[in-house]
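S.K.: I would like the atomic coordinates for the input below:
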Amino acid sequence: MNVLFISDEAENMENAVYLYGGLTESLCGLPCNIKAYKQTDRNVIEVSSDDCFWRIVKEEAADKIADVIAVNYKYDFFRSLCKPYGLTDTENRILLAAVVSADIDDDREYIKQCISKEDEFPVDGLFNFRLKALKSKWRDISLYLPKTFDAERLKDFIAFILEEKKNKRVFVKNGNVYDCHYKKLNRAFLSGEDAGDEKLLTEILLSGAGEAELLSPVRAEEEEFLTEYYGNKIIFSDGCFKS
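M.R.: Model prediction:
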């Protein structure tokens with residue numbers, strides 16, 4: 001029996017919740033035992049499995065850790081550096097989600113490459129000591145962000161980001177966002193924000209997709225955010241007409 005330990009600082013509770021929920025879902029068909037507990041000042045996720053499933057367990061763990069760093073840690077990183085004037089609180093949350101989403105696929109792949117081959121994954125240690133090049137890149141990006149924004153400039157900024165993601169689409173059904181493998185996404189939870197009607201937009205942005213197809217109707221307030229920022233990159237399937 002192999003045992004994998006993933007840990008993070010106790011204050012990063014949303015990371016532990018995301019890791020436990022994500023691994024429980026992705027490994028549900030395998031004979032794995034997953035536990036979550038607090039050890040001194042750290043949250044710990046413990047996963048045990050037989051040898052024949054160990055490669056899958058470690059790949060799924062690396063995938064979820066990459067989400068935590070590429071969204072939660074990156075969001076916090078830019079939240080401290082990106083404080084432009086001219087936006088409402090909601091618009092500022094959308095801006096931060098857009099900035100985080102910009103290179104999210106590349107960031108995740110780089111993070112996974114930097115994860116050790118050991119069976120202990122301290123997420124904060126990985127971020128602080130193994131990802132200095134990534135943090136340097138983020139810091140450089142922050143220097144190019146304008147000090148002032150307005151609503152139109154925000155829309156232009158998001159349109160620019162989406163142009164780089166033309167070939168990736170997600171699907172929205174019953175208020176949830178799914179990738180091309182129909183895997184439910186929940187990255188917006190990692191922002192730690194108490195989002196309002198823009199939450200669905202945030203989830204789509206953080207998916208790294210350039211298009212979103214609606215498979216079922218969304219609330220009018222959610223649709224307003226989607227059409228405002230994604231425009232014609234929102235595809236309305238049969239029965240999902242604009243309100």
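
S.K.: how far away is the residue nearest to K155 when sequence neighbours are not counted from G210?
M.R.: Computed as C-beta to C-beta, 6 or more residues apart in numbering, the closest residue to K155 that is not its neighbour in sequence is Y229, at 6.2 Å. Glycine gets a C-beta too; all of them are placed from N, C-alpha and C. Distance, Y229 to G210, using C-beta to C-beta, to the nearest Å: 12 Å.

S.K.: Do a quick rundown of the strands in this structure.
M.R.: For the chain, the strands defined by DSSP state E occupy 2-9, 33-39, 42-49, 120-122, 169-173, 176-178, 184-185, 211-214, 234-236.

S.K.: Could you report the distance from the most centrally placed residue in the chain to R108?
M.R.: Nearest to the mean C-alpha position of the chain, counting by C-alpha atoms, centre = their mean, stands R187 at 3.5 Å. With the distance defined as C-beta to C-beta, R187 ends up 10 Å from R108.

S.K.: how about low-confidence regions in the protein?
M.R.: 238-243 (pLDDT under 70).

S.K.: Where do the helices of it begin and end?
M.R.: Secondary structure of the chain (DSSP state H): helices at 13-26, 54-67, 74-81, 89-101, 104-114, 123-125, 132-144, 151-163, 199-206, 220-229.

S.K.: Show me what the first one is in contact with.
M.R.: Helix 13-26 is contacted by residues 6, 8, 34, 36, 43-45, 47, 60-61, 63-65, 67-68, 72, 123, 184, 186, 189-190, 192 when judged by C-beta atoms under 8 Å, 6 or more residues apart in numbering.

S.K.: re the thing from before, of all the helices of the chain, which lies closest to F171?
M.R.: Closest to F171 of the helices of the chain, according to C-beta to C-beta: helix 199-206, at 9.9 Å.

S.K.: so the closest one versus helix 104-114, what angle?
M.R.: Interaxial angle, helix 199-206 versus helix 104-114 (axes from the mean of the first three to the mean of the last three C-alpha atoms, to 10 degrees): 60 degrees.

S.K.: what does helix 199-206 contact?
M.R.: Here helix 199-206 makes contact (C-beta under 8 Å, 6+ apart) with 71, 93-94, 97-98, 100-101, 104, 158, 170, 172, 175, 177, 185-188, 190-191, 193, 195, 212, 218, 222, 225-226, 229-230.

S.K.: if I read this right, F78 contacts K137, doesn't it?
M.R.: No. Shown here, F78 and K137 do not form a contact pair, counting by C-beta atoms under 8 Å, at 11.9 Å.

S.K.: between these two, who's got more neighbours?
M.R.: A count of neighbours by other C-beta atoms under 10 Å puts F78 above the other of F78 and K137, at 20 against 15.

S.K.: what's the distance between that one and A151?
M.R.: Separation of F78 from A151 (C-beta to C-beta) stands at 20 Å.

S.K.: about what we covered before: who has more neighbours out of Y229 and G210?
M.R.: Neighbours around Y229 and G210, counted as other C-beta under 10 Å, are more numerous at Y229. The numbers are 21 against 18.

S.K.: on that earlier part again, okay, and the common contacts of R187 and R108?
M.R.: D67.

S.K.: Quick check on Y182: phi, psi?
M.R.: Phi and psi for Y182, reported as degrees, to the nearest 10, are phi 60, psi 40.

S.K.: Just to check, it is in contact with F171?
M.R.: Yes. If you go by C-beta under 8 Å, Y182 and F171 touch, sitting 7.3 Å apart.

S.K.: Comparing the two, which shows the higher neighbour count?
M.R.: Applying other C-beta under 10 Å to Y182 and F171 shows that F171 carries more neighbours, namely 22 against 8.

S.K.: So for stretch 104-120, what gets flagged as buried?
M.R.: Using 16 or more other C-beta atoms under 10 Å as the test for burial, stretch 104-120 gives I104, D105, D107, R108, Y110, I111, C114, I115.
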